[in-house]
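**Q** Sequence and predicted structure below; questions after.
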Amino acid sequence: MFLAALRLFWRDKRTLFWVFGVPVVLLVFLGVIFDAPARWVVGVVGRTEDPRLAAALQDLAAEGTFVISHGGRESESRALAGGKRVVTVEETRGGIVLAYGRHPPSRLAAARVEEAIQRRHGRRDAVTVEHRETRVGRGRYVDFLVPGLLAWFLLTSGLYGIGYTTVQHRQSGILRRLRATPLGRWTYACAQIAARLCIESVQMGFILAVAALTFGFRLARPGVGSLLATGALMLLGAFAFIGLGLLVGSRARSVEVVGGMASAINVPMMLLSGVFFAIDDVPGALAPVVRALPLTYLSDGLRKVMTEGASLGDVGVQLGVLAAWGLATLAAAVRLFKWE
Amino acid sequence: MPPVIRVQELRKVYGDLVALDDVSFEVEAGTTFGLLGPNGAGKTTTLEIICGLRVPDGGRLEVMGESDPRRYRDRIGVQLQATALFARLTVREHLELFAGFYRQPRPIAEVLEMAAVGEVAGRYAGRLSGGQRQRLAIALALVGSPEACFLDEPSSGLDPQARLHLRDAIEAIKGRGTTVVLTTHYLEEAERLCDQVAILDRGRVLACGAPRELVRELRAEHAIEFHAPNGKLLPDELRALPGSTGGEVVGGEHVLYSRDPQATLDALFRLARERDARLIDLRVRAATLEDLYIEKTGRFLRE
């Protein structure tokens, strides 16, 4: 049954595309888009009379992060409201007015613009401060993204892969035929799990290889310990999600029903568990929900190990929660399982 | 020796429909047993209950001394009516897969030969013809070296050539001492293949026994069939003809049973001439299981 499941997977070119093609495209796409250097546009309203202001703006433009744009008051303030300017600068009779939005990049940009202007007006440093930008490894979006994506693809692969396969077998009557043989439901479930784990280990290796080759992604602390911890997290995470997939597929009669159920599980997890963006402050009411989701534990655990260099012992909680999810869903799935 | 299968007063109800109404029969080891009847008679339901795919609402079931299907699943082989296969596994891979389920699998090469699927062993199940699919389904029923083998409508939808192949396959199974239970609505097939048959109609067993003995129990050994389109011959008159033992009108056709066909025909012709009735499609033949069915139900088996 295990061997047959692997063969069937390999021979279905559409699922191959979903398991290997889509993750790589998504990884490269997101990695490239969000790792492009930010260009902050500073809008200058009207003309600048003061040469020191003009010089300050030139300093900013020379730095590389800022782009200076000129325009009328109306158009610049509209551009600011629409997020096309981080800051607008206007010379008035009494001094200079900086306008900026409420989100952190805009406020940060305003501080930097003011700093440049103050400097040209003669502000001096009180103490020497050295700036160092981290360029290698940690700190890039890709380094945040890869562990989250790996976790999320384990979720979709387990949930949809197992859910659809089970229902297709039920719909076509293959499960009914298998029921007339000595094959038990546990054996069937275990064969599906084993085959899925094989497929997913190849999938994970493939995505990691692509991440390493295209973005130079590396483990924070390369070595056997980190690999072991990563492997353990992935294994238990995969187990938890395959359990969810089996549960979703245990009774459903049509592919549509499974698709709906799987998406109802997938979408909230994807949004709440911080796969693509860090979610540090979850609204109070949602916090317990987020804390219960298995995807949160897997992506957090993977991030700790892969980008922060944590060891196996540091992610014990994550491992425990994932194992509990896996066992609970598997037991429920086998109990609810229907051959027809 | 106790029977391999003993079914007693089996009942199955789907809503208002009584699918099985006290069905009872026994199957001896090493024999071929046929469940006969039109669609909806309860053949498939009976077979699937024995195989553990459906739960009866009443009655007793004993297969090889066990009444829990889980305890004898390893010792039976099943071919279901709608054959579900993995489209992207080859014939050989199917057999290997199913062989893995049983404690004593039969060598794959032997199964390929028995079910005559050797020449398509490397082909995906999704690319097989109807007859080849059916033979693969039967091969899957044989792969566990079963003591009893259940075939549901093994010959339906097959062309005559494929049906001959199939007949050989079933003979091959019988030749190895395996008990075979099959359902069919082809009466000739049942008469040729089966040692014992049970005729089912609307969930009831109408008759049960060896085909030849069942026919012998008929009121007569010959059947005279004809059409009399202008309706001038009345069934009661026909039944009263010399030598006649009974008759029915089924689907517009008269079937007249006779112990002495010569005398009955003589009288029939005389009566037709007197009434100016035309006799069309007149045939005389030896009685068959079909006649037994008509006698019991007043209907043709295949309509």
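**A** Thanks, I have the structure now.
**Q** Tally up the residues packed near the residue in the stretch 51-200 of chain A positioned nearest to chain B, please.
**A** Of all residues in the stretch 51-200 of chain A, residue A:173 sits closest to chain B, at 3.4 Å by Cβ to the nearest Cβ. C-beta coordinates here come from the backbone N, C-alpha and C atoms, glycine included. Using other Cβ atoms under 10 Å in any protein chain shown, residue A:173 has 17 other residues around it.
**Q** Ignoring the adjacent residues along the chain, who's closest to it?
**A** Using Cβ to Cβ, 6 or more residues apart in numbering or on different chains and skipping residues adjacent in sequence, the residue nearest residue A:173 is residue B:84, 3.4 Å away.
**Q** State the distance from whatever residue of the stretch 151-300 of chain B ends up closest to chain A to residue B:79.
**A** The minimum distance from the stretch 151-300 of chain B to chain A, using Cβ to the nearest Cβ, falls at residue B:152 (10.6 Å). The spacing between residue B:152 and residue B:79, counted by Cβ to Cβ, to the nearest Å, is 6 Å.
**Q** Where does the residue in chain B that chain A sits nearest to sit: helix, strand or coil?
**A** Residue nearest to chain A within chain B (Cβ to the nearest Cβ): residue B:84, separated by 3.4 Å. Per DSSP: H, G, I helix; E, B strand; the rest coil, the secondary structure class of residue B:84 is coil.
**Q** Let me see the contact set for it.
**A** By Cβ atoms under 8 Å, 6 or more residues apart in numbering or on different chains, the contact set of residue B:84 is A:172-174, A:176-177.
**Q** Alpha carbons only: can I get the helix or strand residue B:49 falls within in CSV?
**A** Using DSSP states H and E, residue B:49 falls within helix B:43-50. C-alpha atoms of helix B:43-50 as CSV (Å, rounded to 0.1, in the frame of the first residue of the first chain):
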residue,chain,number,x,y,z
LYS,B,43,-28.2,-10.9,-5.6
THR,B,44,-25.6,-8.2,-5.1
THR,B,45,-26.9,-7.4,-1.6
THR,B,46,-26.7,-11.0,-0.6
LEU,B,47,-23.1,-11.3,-1.9
GLU,B,48,-22.0,-8.1,-0.3
ILE,B,49,-23.4,-9.1,3.0
ILE,B,50,-21.5,-12.4,2.9
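**Q** residues from chain A in reach of chain B?
**A** By the rule Cβ under 8 Å from any Cβ of the partner chain, the part of chain A lying against chain B is A:1, A:3-4, A:7-8, A:11-12, A:172-174, A:176-183, A:340.
**Q** hmm, back to that, at contact distance from chain A, anything in the helix holding residue B:49?
**A** No. For helix B:43-50, no contact with chain A is found by Cβ under 8 Å from any Cβ; the gap never falls below 8.5 Å.
**Q** wait, does the helix or strand that that helix is followed by contact chain A?
**A** Next along the chain after helix B:43-50, taking DSSP H and E as the criterion, comes strand B:58-63. No. Under the criterion of Cβ under 8 Å from any Cβ, strand B:58-63 makes no contact with chain A; the nearest approach is 12.6 Å.
**Q** Give me the helices and strands touching strand B:58-63, please.
**A** Here strand B:58-63 touches strand B:5-14, strand B:17-27, helix B:43-50, going by 3 or more Cβ pairs under 8 Å, 6 or more residues apart in numbering or on different chains; DSSP states H and E.
**Q** Buried ones in stretch A:47-67, by neighbour count?
**A** Across stretch A:47-67, burial judged by 16 or more other Cβ atoms under 10 Å in any protein chain shown covers A:48, A:53-54, A:56-57, A:60, A:66.
**Q** which among those residues gets closest to residue A:241?
**A** Of all the buried residues of stretch A:47-67, residue A:241 sits closest to residue A:66, with 44.3 Å by Cβ to Cβ.
**Q** How about the closest one, nearest residue that isn't a chain neighbour?
**A** Spatial nearest neighbour of residue A:66, excluding adjacent residues (Cβ to Cβ, 6+ apart): residue A:60 at 4.1 Å.
**Q** again, but for residue A:9
**A** Residue nearest to residue A:9 in three dimensions, not counting chain neighbours: residue A:199, with 5.8 Å by Cβ to Cβ, 6+ apart.
**Q** most surrounded residue in the contacts of residue B:84?
**A** Most neighbours among those, by other Cβ under 10 Å: residue A:177, with 24 neighbours.
**Q** Am I right that that residue is in contact with residue B:81?
**A** No. Using Cβ atoms under 8 Å, residue A:177 is not in contact with residue B:81; the gap is 11.0 Å.
**Q** Packed most tightly, which of the helices and strands packed on strand B:58-63 would that be?
**A** Mean neighbour count (mean count of other Cβ atoms under 10 Å in any protein chain shown) peaks for helix B:43-50 among those, with a mean of 23.
**Q** what does that one rub up against?
**A** The list of residues contacting helix B:43-50 from outside it, by Cβ under 8 Å, 6+ apart, reads B:5, B:7, B:10, B:12, B:19-20, B:23, B:35-37, B:54-56, B:61, B:63, B:69, B:80-81, B:150, B:152-153, B:181, B:183, B:200.
**Q** ok, now stretch B:131-140?
**A** With Cβ under 8 Å, 6+ apart, stretch B:131-140 has contacts from A:177, B:77, B:79-80, B:83, B:85, B:91, B:94-95, B:98, B:111-112, B:114-117, B:120, B:123, B:125, B:128, B:151, B:154-155, B:157-159, B:161-162, B:165-166, B:169.
**Q** would residue B:249 count as being in a helix?
**A** No. Checked against three-state DSSP, residue B:249 lies outside a helix; its state is strand.
**Q** so who does residue B:229 touch?
**A** Here residue B:229 is in contact with B:278, B:280 (criterion: Cβ under 8 Å, 6+ apart).
**Q** For it, which three-state class applies?
**A** coil.
**Q** care to break the chain down by domain?
**A** All of this refers to chain A. A:2-33+A:137-336, A:40-120 (automatic domain parsing).
**Q** Switch to chain B, please.
**A** B:5-214, B:219-286.
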